[in-house]
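S.K.: everything below, folded, please.
(chains A and B)
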2 protein chains.
Amino acid sequence: MPDFNPNVLRIRESPTRKIDSIKERLVKEGKDIILLSAGQPGFPPPRELRERLAKELIEDDTMRLYGYTPTSGLAELRELIANDIKELGGPSLTPDQILVTAGGQAAMFSVLSSILKPGDKVIHFDPTYFGYQPLIEYLGGKVLWIPTDSEYQPNIEKLKEALEREKIKAIILVTPDNPTGRIIDEKHAKALADLAIDHDLWLIVDEAYKTLIFEGEHYWLYKYAPENVIAIDVFSKDPGIPGWRLGFVYSKEELIRRAKLVLQEIVYCPPSIAQHFVIIYLKDRKLKELTRRRLLEELRVRRNKTIESIERYLPEAKVVKPRGGMFSFVDLESYLKKLRMDSEEFSKLLLEKKYVASVPGSYFGPTQKYTVRLSFAAESPERIEEGIRRIRELIDELQSRTPSS
Amino acid sequence: MPDFNPNVLRIRESPTRKIDSIKERLVKEGKDIILLSAGQPGFPPPRELRERLAKELIEDDTMRLYGYTPTSGLAELRELIANDIKELGGPSLTPDQILVTAGGQAAMFSVLSSILKPGDKVIHFDPTYFGYQPLIEYLGGKVLWIPTDSEYQPNIEKLKEALEREKIKAIILVTPDNPTGRIIDEKHAKALADLAIDHDLWLIVDEAYKTLIFEGEHYWLYKYAPENVIAIDVFSKDPGIPGWRLGFVYSKEELIRRAKLVLQEIVYCPPSIAQHFVIIYLKDRKLKELTRRRLLEELRVRRNKTIESIERYLPEAKVVKPRGGMFSFVDLESYLKKLRMDSEEFSKLLLEKKYVASVPGSYFGPTQKYTVRLSFAAESPERIEEGIRRIRELIDELQSRTPSS
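M.R.: Numbering: from 1, shown residues only, chains lettered A, B, ... in the order given. So this is what the prediction gives:
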């Protein structure tokens, strides 16, 4: 039998995929699952936008919507992205500094492949998004974890120590953060930028949630360290087409040129239909602003309901009110320690017994034994409350079965 | 300045991309380019199909069309693909043997990453599609070229010699072929399958043009060597959504499981909108068959016009009438040798002086110094004829300037 590349089986299946497969089994059994695990909004893009694309699909008899596009994306789209970032208060970019990609994952792959050599070390803050680590390890790199403080800002002292101790290739920062909803503050943003410059590091900033900010503001790291920052962004949250796979990278041209070659090898070009959809979206400033405002306000209501429900049903839990994004990160240590259970086991029971899907904190960092990530994007406020009520219900049921020690 | 992975800049830009950029400059200057270079049909998918997708876009207010799908593609789509292959006379497959990918390139990347280790050698037949070599080299592998005979069937004797001389990891076969339109015949199909089994090789079969057969039939290599064959296919040609990025791989489950992990790392999941479009397409057997018949008949007319025009304007050229696919591969040695010019130089002049885009043969194999690939997919029969007339015109003009030797 012909053999395989032995590295491939080392790739872990995405943890949310594992949850999805249990969820799908339960759905098939007729169960109604409350989705506090999903990293995507529970509602489609605005109807007006869908109608405009539908009109083009019907009326345009050319190959315009169907053909290959340049590997780095349609020129018009790259210009619109540059304008949008500028309007949002971000840096001034030329279209050649932008690479449109087949979603955030292809952006991450193209960027990391462009910089990492086997053995290179990459800093992660604990906790952070779990998508980068398997990719880094697949490419032969290694993740080094640095703790965060009580508000989930990176611990700059510990970071400095690590940078003095060993050669680091890159730092990954997600802001607004997944899973915590933390927004990097100005002091920490500057400190990270300065360290990246001083130590010749790449600073990869994942800005996927930049338009979803409830309080505070987004600091554009690129402005502080344009030679070092590689920004990754997506159209999955806004206008809400995660499955269509469209994202982008911006950085200096030397990086974009390389990432483009990798993108060519992995997908040839980003999906044309998604590019045309986002062109319609970004061109219509009124529709764009209305869509973003509606999404933000809906998410704000859901975030508030999440925090209220946690305070009501889980008074011993610790949670930092998310200032942006789609998730709250809840520390259940006080409950779970009594149950002699970590959040991975709890999360599984929660899905199987109470039909509430969540993501255990252990996927986000090595010290996250008792935390869970609860998404407030996919479900209505009422169902969010019901989901959190069931967390308490499960805790109470487990408690009554656990002999007190 | 932080540094890069030095391997990335070794990736060659896709040769058709280079042609595209000259073409785009000329189009901006107002020139009307005859596209004999394009590897995609010149007409969109059938209107009825586009209307059905448009209806779903407008009427479905759920996340169904927009959300992430499983990494290996929607279960319904994988079942429809299995049925379609069976109906076309292909092997019986379970949905778990199918991985839906973000286009042919992602299929190629996922497959090659799953099997290749640095130093592994992969057989190419000269000439063949240029997309595999840069990918193999990027992954640390090496391409070994084996000649074909006058009808472009692989030279089995030379192949045997190579397999006895050195350890080979895989053979790549494109059938119907790009660039020659050759269909593998039964004798060669069996010989390749037997050699793959005897030598424990992977046999990667690119079936992208399997529904575009003018004469003869497609031999499904998987049926001869199910343990060794990895088939790659796309929806770019039929129903005609190259830019939407949708393709698939089928093979034994052990391979699919690995390729899926790679796909997860490069794009997370194939584009959902393209999957829904192809579900509509494959489900409606009448529409599917009508679409394929129409495409095939239109291409047959264009192929015939291509061959007639070559006979008329380029009587000294050698060409094997393509039995499938979208391309004819024309040997201009008799003309170009007199001009002391290879086809790479000629092809460039043809675009810049006569506004006809073609692809030089040197991109398809090491001995293709005087060949060009002419696509008959993108242009009308009249414009194909005009393009070929201009090839002769250019030859005549160059000849009148070349001192006879």
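
S.K.: how about the residues of the stretch 151-300 of chain A by chain B?
M.R.: Residues of the stretch 151-300 of chain A lying close to chain B (Cβ under 8 Å from any Cβ of the partner chain) are A:169-170, A:196, A:200-202, A:227-228, A:240-245, A:254-255, A:258, A:261-262, A:264-274. C-beta coordinates here come from the backbone N, C-alpha and C atoms, glycine included.

S.K.: now, these that are in helices?
M.R.: A:196, A:254-255, A:258, A:261-262, A:264-267, A:272-274 (DSSP state H).

S.K.: for ChimeraX, write the selection for the buried entries among the residues of the stretch 151-300 of chain A next to chain B.
M.R.: The ChimeraX command for the buried members of these (criterion: 16 or more other Cβ atoms under 10 Å in any protein chain shown) is given here:
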select /A:169,170,196,201,202,227,228,240,241,242,243,244,245,255,258,261,262,264,265,266,267,268,269,270,271,272,273,274
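
S.K.: where along chain A do the strands fall?
M.R.: A:34-35, A:98-101, A:121-126, A:142-147, A:170-174, A:202-206, A:229-234, A:247-250, A:318-319, A:327-331, A:356-357, A:359-360, A:371-375 (DSSP state E).

S.K.: for the stretch 201-350 of chain A, which spans come out with low pLDDT?
M.R.: Along the stretch 201-350 of chain A, the model assigns pLDDT under 70 to no residue.

S.K.: for the residue in the stretch 301-405 of chain A positioned nearest to chain B, give me its contacts.
M.R.: Here the stretch 301-405 of chain A gets closest to chain B at one residue, A:Ala378, 8.2 Å apart by Cβ to the nearest Cβ. Contact analysis of A:Ala378 by Cβ atoms under 8 Å, 6 or more residues apart in numbering or on different chains lists A:35-36, A:38, A:40-42.

S.K.: again, only this time at 6 Å
M.R.: A:Ala378 makes contacts with A:35, A:38, A:42, as judged by Cβ atoms under 6 Å, 6 or more residues apart in numbering or on different chains.

S.K.: next one: phi and psi at it?
M.R.: Main-chain torsions, A:Ala378, degrees, to the nearest 10: phi -90, psi -20.

S.K.: tally of neighbours for the closest residue to A:Arg300 other than its chain neighbours?
M.R.: Distances taken as Cβ to Cβ, 6 or more residues apart in numbering or on different chains put A:Phe214 closest to A:Arg300, at 5.2 Å, once the chain neighbours are dropped. Applying other Cβ atoms under 10 Å in any protein chain shown, we find 18 residues neighbouring A:Phe214.

S.K.: run through who's touching stretch A:396-405.
M.R.: A:Leu339.

S.K.: how about the residues of the stretch 1-150 of chain A near chain B?
M.R.: For the stretch 1-150 of chain A, the contact set with chain B under Cβ under 6 Å from any Cβ of the partner chain comprises A:2, A:4-5, A:8, A:11, A:14, A:40, A:44, A:50-51, A:54, A:57-58, A:63, A:66-69, A:102-103, A:105-106, A:109, A:114-117, A:135, A:138.

S.K.: tell me the contacts of the residue nearest the centre of chain A?
M.R.: Centroid-nearest residue in chain A, with Cα atoms, centre = their mean: A:Asn178, separated by 5.2 Å. Counting by Cβ under 6 Å, 6+ apart, A:Asn178 touches A:129, A:325, A:327.

S.K.: read off the pLDDT value for it.
M.R.: A:Asn178 is assigned 97 on the pLDDT scale.

S.K.: let me know the pLDDT of the residue lying closest to A:Ile33 once chain neighbours are set aside.
M.R.: Of all residues not flanking A:Ile33 in the chain, A:Tyr355 sits nearest, at 5.0 Å (Cβ to Cβ, 6+ apart). Here the pLDDT value assigned to A:Tyr355 is 97.

S.K.: for A:Tyr355, grab phi and psi.
M.R.: phi 60, psi 40.

S.K.: burial measure for it, as a count.
M.R.: A:Tyr355, neighbours per other Cβ under 10 Å, totals 17.

S.K.: likewise for A:Lys28?
M.R.: Neighbour number of A:Lys28 under other Cβ under 10 Å is 8.

S.K.: wait, the residue nearest to A:Ile33 sits on A:Lys31?
M.R.: Yes - using Cβ atoms under 6 Å, A:Tyr355 makes contact with A:Lys31 at a distance of 5.1 Å.

S.K.: rewinding a little: may I see the contacts of A:Asn178 organised as JSON lines, with neighbour count added?
M.R.: Formatted as JSON lines, the contacts of A:Asn178 follow (neighbours: other Cβ atoms under 10 Å in any protein chain shown):
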{"residue": "A:Tyr129", "neighbour count": "21"}
{"residue": "A:Gly325", "neighbour count": "30"}
{"residue": "A:Phe327", "neighbour count": "27"}
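
S.K.: dump the residue contacts of A:Cys242.
M.R.: Small correction: residue A:242 is Pro, not Cys. A:40, A:236, B:68.

S.K.: picking up where we left off before, distance to A:Glu87 added to the contacts of A:Asn178, as TSV?
M.R.: Output for the contacts of A:Asn178, formatted as TSV (distance: Cβ to Cβ, whole Å):
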residue	distance to A:Glu87
A:Tyr129	26
A:Gly325	21
A:Phe327	26
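
S.K.: grab the nearest non-local neighbour of A:Lys354.
M.R.: Here the residue nearest A:Lys354, using Cβ to Cβ, 6+ apart, is A:Arg390, at 4.1 Å.

S.K.: doesn't A:Lys353 make contact with the one you found?
M.R.: No - if you go by Cβ under 6 Å, A:Arg390 and A:Lys353 don't touch, sitting 8.8 Å apart.
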